[in-house]
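Undergrad: kindly generate the corresponding structure for this input.
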Amino acid sequence: MLVDSPPEQRAETAPAPPSKRRVLRAAGLPVSVAALVLIVLASIAIGAKDLSLAEVWHGLFHDSGTYGDVVVGERLSRTVLGLLAGAALGLAGAVLQALTRNPLADPGLLGINAGASAAVVTGITFFGVTSLTGYVWFAFAGAAGVGALVWFLGGSRGATPVRLVLAGTAISAALFGYLQAVMIMDDAALGRMRFWTVGSLASATTGTIREVLPFFVVGTVLALALARPLNAMEMGDDTAKALGANLNRTRALSMLAATVLCGAATAACGPIVFVGLMIPHIVRSFTGPDMRWILPYAAILSPVLLLGADVLGRIVARPSELQVGIITAVLGGPVFIFLVRRRRTAQL
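TA: Presented below is the predicted three-dimensional model:
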């Protein structure tokens, strides 16, 4: 005998009509792009010294070496890195949420952030690395190594979402214990890691962007190419096999895409939390579960959140600034609690 659910539960869980969802999808993309353009302009114009749009325009297209033009150049590098890192974190979060079938998953769930952080601490403490260039390669190697280890411990070709999550949780706990132990024993490492560990765009340079750009490009292309196989996997393993999806290959490539994207973002900016969790989760509420829509939206709206948090950090602590990782944590915590409370346990 089937028991009908209460009217209020049916109203909360019922999906939006297909026609309404199509309208929201189509109208939302240009609105999202417009929001991204506005936040990019704000990121270049707002800081310890605010610039007018005319000064921003002059610095972008008629650089003559004046103070305003130099400031525009520095903020442009910071903004471009924010665009790349935000898109990477959003795409990595969306891929991992589909891979684990958990709409509240994020890149930290599989230990990728922990691997990058532990590798940078190792480089600083045991190899004397002090430059951002060194951080980039150590962080990426750590993220890639942990991604491969999670894949191996999760069962390799027989990996399942539950096994991957358990492996990532165990490795994260071990690595964070190692990270804290090394930083406590080495005061010099603690001082050098103090700002990197909270996440920041302040050290962005064209050199950093050039080093991480190939990884962003490869990871983005791979993530977008996985949209259809991930759609099939979200229907369940049996259905995905019936639709012709190669489960092991899709899981391996998804792990690779998330590792490359999150590793590159963490290497360049430090571990920035909640961006890869909040945006894909929010986007899913009006696009539905179709990854062909979730991924583009995540790539556009995640930089809006990251750059918006960066701009806010410059405003609230003038003439100094708060690191963007602190702002995303402060904003993301309450939003995440609200999202969890808003969803019924059966929906997660």
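
Undergrad: count the neighbours of residue 231 for me.
TA: 18 (other C-beta atoms under 10 Å). No exception for glycine: its C-beta is placed from N, CA and C like everyone else's.

Undergrad: can you check the one 5 residues further on too?
TA: For residue 236, the tally of surrounding residues (other C-beta under 10 Å) stands at 11.

Undergrad: how about it, phi and psi?
TA: phi 110, psi 150 (degrees, to the nearest 10).

Undergrad: any figure for the gap between it and residue 49?
TA: 55 Å (C-beta to C-beta, to the nearest Å).

Undergrad: now stretch 31-47, how far from the chain's geometric center?
TA: Centroid separation between stretch 31-47 and its chain, computed with C-alpha atoms, centre = their mean, to the nearest Å, is 19 Å.

Undergrad: that one: which residues count as buried?
TA: 32, 36, 39, 40, 42, 43, 44, 45, 46, 47 (16 or more other C-beta atoms under 10 Å).

Undergrad: in JSON lines: those, plus secondary structure, pLDDT and distance to residue 206.
TA: Shown next, in JSON lines, are these (DSSP: H, G, I helix; E, B strand; the rest coil; pLDDT from 0 to 100; distance: C-beta to C-beta, whole Å):
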{"residue": "32", "secondary structure": "helix", "pLDDT": "95", "distance to residue 206": "27"}
{"residue": "36", "secondary structure": "helix", "pLDDT": "97", "distance to residue 206": "21"}
{"residue": "39", "secondary structure": "helix", "pLDDT": "97", "distance to residue 206": "21"}
{"residue": "40", "secondary structure": "helix", "pLDDT": "96", "distance to residue 206": "17"}
{"residue": "42", "secondary structure": "helix", "pLDDT": "95", "distance to residue 206": "21"}
{"residue": "43", "secondary structure": "helix", "pLDDT": "95", "distance to residue 206": "16"}
{"residue": "44", "secondary structure": "helix", "pLDDT": "94", "distance to residue 206": "15"}
{"residue": "45", "secondary structure": "helix", "pLDDT": "93", "distance to residue 206": "20"}
{"residue": "46", "secondary structure": "coil", "pLDDT": "92", "distance to residue 206": "21"}
{"residue": "47", "secondary structure": "coil", "pLDDT": "86", "distance to residue 206": "18"}
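
Undergrad: is it possible to get TSV of these that adds distance to residue 66?
TA: What follows is the buried residues of stretch 31-47, written out as TSV (distance: C-beta to C-beta, whole Å):
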residue	distance to residue 66
32	34
36	28
39	25
40	22
42	21
43	20
44	15
45	16
46	19
47	16
